[in-house]
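1. heads up, no residue letters with this:
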């Protein structure tokens, strides 16, 4: 029998009305703001009323370094949530929203896969509940107000060469990366070189995902640095008086979205910051709300554990007062083989030695996560080509690391395929063995924080940085930003900054090319490599084949 | 007792759940797609099922040329709808959606005013149901695909100097009017001068508002001309293969939005094209749906009757097969006085002679509307400063034109203040006296169509146009576009192209500066004056004082 595609499975889903999903979490209908019959937002008033409730257990799903073989982090997050519900636990999942722009480039964008998916898939990959559009509007309102301020006399004395606030669009459009605006004469302002980033790269996105509530949101928006004067004094969003109107634009977007998995597990899908120049996790509001409403909350972080989980711990958990009870690291036999040196074309052939060699990558992630004081379980996301000997080799390696690797078949079987994982995760969470500690204290100097991550997580020999970068970090410390965490931007494909170095490389240094201050989001971005904040479309964009079929269904999006 | 402000009245509104409003129109709950508890879309499937039902009566509300005194066209549309329901008729209203950008410039944007308003006011002025964001995304996807096509080899041989498709944003941002994009080297494409318009100026907006259904939408999107080759052959959106993906992005946006007036009259609020370079009416889908569900549908057109109603008749009604049963022209004593030469500061003093003199403006609109074969009623939107003698003068003038002017107090009293107007309008509609005929036939040459409007509606002596413009029109006729209607873009403040010429000017000609082909929307734009398609923000933008108050309510937006 031919396998069904993700979209066929998603279309065949028997979704429950979203008010039933809300009711299963105890959300009264008046506080569930519907967007269609299968999506809703949870009202801010209701969230405020939850303050005194105890929190459920937080479970982080992360992964080895991504390879072209695919790991299935979201699929495992969904499968584990479904598995927990199947064994009688009250579980919810929290994941990020998808960005619209990339859907028109390469195919893709589904939330999970196989029988471990979140629905409605199409809407989640298109406008969903409009959150990203609201972020785009808020970001660009600030941009318009900056140029308008300069146009009408520039009372704040902003140096037009030092405006750092660009514009955003949720589109892959390379033509907008670099431009000169305000051409055409006096009525259009002062010509200025600037550009657009994709919306998920907006600091407003990172802020929305880290803010506790609307007051905190507005305070953080006000803290955004939009540019500098000629003597390099920062000019804030608050000085431009845009923070109030931006908050109004984000009022609905701040409310977390509720949808469901194919097995009706409640799924909070909210926010989606980049995992390089931002922290790559769903919103704090979604996670804290889910923790009040469910006993177990399964969430994920972007990229591999060296980037995504590190930021989840050091930025999101630290700032939101969260503490994970268990970390699940997703690995696949295929990914281990690629980390062990096998080419993608050769993945079909059994190669136990390569699996074992590649496990060095997994082993380092296990060690790193344990270093945060949180127990680790490995989930082996099963592929049909995996052999028993390969699986046994992976499990033996993990056992040797004092952890457990559990074979999961949620892609094929849904929650039933993740029951064993769910039982083990619940057991560990219930035992309360976790003692979460961030990697570095708030008061460590910024450069030392970067070094600490590079040495302790990446296992680099050190960090190389030009004197100007070190001076910049010291200047920010003097300006009162020294207590911020750092947000590392580097390749996701390697522990090092060289994407070709798989496995567990050593003997490298991390070149720190640039640092940026996201004063509103509350972190310093450390850029170690080429980071693209506005993608382009490929030669044959997926958009060319996207359309409605005769039944009015969307084709070509997946 | 102090008068309540519009926002105070709107906030105090006792809204019915939107499903009750839908039920009052016979829309089953499964076909009402909720956006919150007070907004919904009517499903495309349900609309398709309505095909065989008889149509209700269509009532157009238009106005004299706008003056700074304010006329209250939307307020009257709402009041008349409420009035019809009060006298036992089954009525609905259809109006346009508000644009987000201008809300951050000048204050304003309410839908109606006083006790004749549509709610929820805040959401309608912000993201509403996301239609404009969808239009922005669809428009900009096409722009990205054009530049991407050129980047990857330009197989269609588009002349980069002749790309006519700009980008859009729903923001007042003068810096984006004129720019050079694709700077920064090979990876970013070929530098090109272009710019952004505000979203309501997008041809996609006009298309969405004129398309009958999703098939028609996609066909029209495909017909958009995006640029020309070096030998001036048009390149269509269909050639870029963007029409399918754009349709997918607009799938939800094509479904009309349902909200309610303060008195629970169903209100379809859908689409909002510019009333100069586009036709300025709410969507055809909203109007045709409302006509299937209500016995009387009150709708409005942008600006005064010379622009808005003319296009409503010659573009929207002609193309959608609609025929209005009655035209209501809104006039105020204050507007008549300004048309009679009184300055705004002097409007407080009684001036019967000025009222009578200014009525020349109203008289010409009555004549024009009657020329379409549709009976006319004048609604006097009452202001507290109007004196009995002034009102009597206005009514006497209208009686002399074989029409009736009815004093309305819906702003103060809601539907109760518009009962007399409602009774008269229903009486005329029920009598079936209308015999609608557009002003010109489809097969009239394009330049003659422009001349016909200028002479018969504006009462100009003629149209001045450079030979190149006449050649362009003839070229479009040869290319098969000669049967399109024309969309006049001129000042709304005068019958002429000089905004200072109030009243009923004669002895002028209309200078035709530029023509544009909106092949997807299906009209030729005739530009007679300076038309701004990307507004700027004022020195003190309203955004500076917009924010949430301590109760979490939006302040400063109105």
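-> Nice, I can see it. Computed from a predicted model, the values in this text were never measured in an experiment.
2. where along the stretch 351-500 of chain A do the helices fall?
-> For the stretch 351-500 of chain A, applying DSSP state H, counting those that start in this stretch gives helices covering A:352-370, A:388-400, A:410-413, A:419-431, A:446-453, A:467-476.
3. ok, for residue A:232, nearest residue in space, not its chain neighbours?
-> Leaving aside its chain neighbours, residue A:232 sits nearest to residue A:162 (7.6 Å; criterion: C-beta to C-beta, 6 or more residues apart in numbering or on different chains). Backbone N, C-alpha and C define where each C-beta goes, glycine included.
4. isn't the one you found right next to residue A:227, touching?
-> Yes. Counting by C-beta atoms under 8 Å, residue A:162 touches residue A:227, with 5.1 Å between them.
5. follow-up on the earlier one: nearest to chain B among the helices of the stretch 351-500 of chain A would be which one?
-> For chain B, the closest of these is helix A:467-476, at 22.5 Å, according to C-beta to the nearest C-beta.
6. rounded mean pLDDT for stretch A:97-111, please.
-> Computed over stretch A:97-111, the mean pLDDT rounds to 85.
7. report whether it contacts chain B.
-> Yes. Using C-beta under 8 Å from any C-beta of the partner chain, we find that stretch A:97-111 touches chain B at A:100, A:104.
8. endpoint to endpoint, that stretch covers what distance?
-> End-to-end distance of stretch A:97-111 (C-alpha to C-alpha, to the nearest Å): 9 Å.
9. mind listing what's buried along it?
-> Residues A:97, A:98, A:99, A:100, A:101, A:102, A:103, A:104, A:105, A:109, A:110, A:111 are the ones in stretch A:97-111 that count as buried (16 or more other C-beta atoms under 10 Å in any protein chain shown).
10. would TSV of these with secondary structure and distance to residue A:513 be doable?
-> What follows is those, written out as TSV (DSSP: H, G, I helix; E, B strand; the rest coil; distance: C-beta to C-beta, whole Å):
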residue	secondary structure	distance to residue A:513
A:97	coil	29
A:98	coil	29
A:99	coil	25
A:100	coil	29
A:101	helix	25
A:102	helix	24
A:103	helix	30
A:104	helix	30
A:105	coil	26
A:109	coil	30
A:110	coil	34
A:111	coil	33
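11. closest to residue B:297 out of the residues you listed?
-> Taking C-beta to C-beta as the measure, residue A:100 is the one of the buried residues of stretch A:97-111 closest to residue B:297, at 34.7 Å.
12. and that closest one, what does it touch?
-> Neighbouring residues of residue A:100 by C-beta atoms under 8 Å, 6 or more residues apart in numbering or on different chains: A:125, A:126, A:127, A:132, A:170, A:171, A:199, B:137.
13. do residue A:308 as well
-> Taking C-beta under 8 Å, 6+ apart, we find residue A:308 in contact with A:62, A:63, A:275, A:280, A:281, A:300, A:301, A:302.
14. which of these fall within strands?
-> Those of those mapping onto strands are A:62, A:63, A:300, per DSSP state E.
15. so which of those comes closest to chain B?
-> The shortest approach to chain B among these belongs to residue A:300, at 26.5 Å (C-beta to the nearest C-beta).
16. mind pulling up the pLDDT for the closest one?
-> pLDDT, residue A:300: 97.
17. residues near it, how many?
-> 27 (other C-beta atoms under 10 Å in any protein chain shown).
18. tell me which element residue A:161 falls in.
-> Residue A:161 is part of strand A:158-163 when elements are defined by DSSP states H and E.
19. cool, and residue A:515?
-> strand A:514-518.
20. need the helix or strand of chain A with the lowest average pLDDT.
-> helix A:6-11 (a mean of 87; mean pLDDT, DSSP states H and E).
21. give me the contact list for that one.
-> With contact meaning C-beta under 8 Å, 6+ apart, helix A:6-11 is reached by A:110, A:113-115, A:117, A:119-122, A:262, A:553, A:557-558.
22. between the residues you listed, which is nearest residue B:434?
-> Comparing the contacts of helix A:6-11 against residue B:434 with C-beta to C-beta places residue A:553 closest, at 41.8 Å.
23. what number of residues lie near the closest residue to chain B within the stretch 101-250 of chain A?
-> Nearest residue of the stretch 101-250 of chain A to chain B (C-beta to the nearest C-beta) works out as residue A:244 at 2.7 Å. As a burial measure, residue A:244 scores 22 neighbours (other C-beta under 10 Å).
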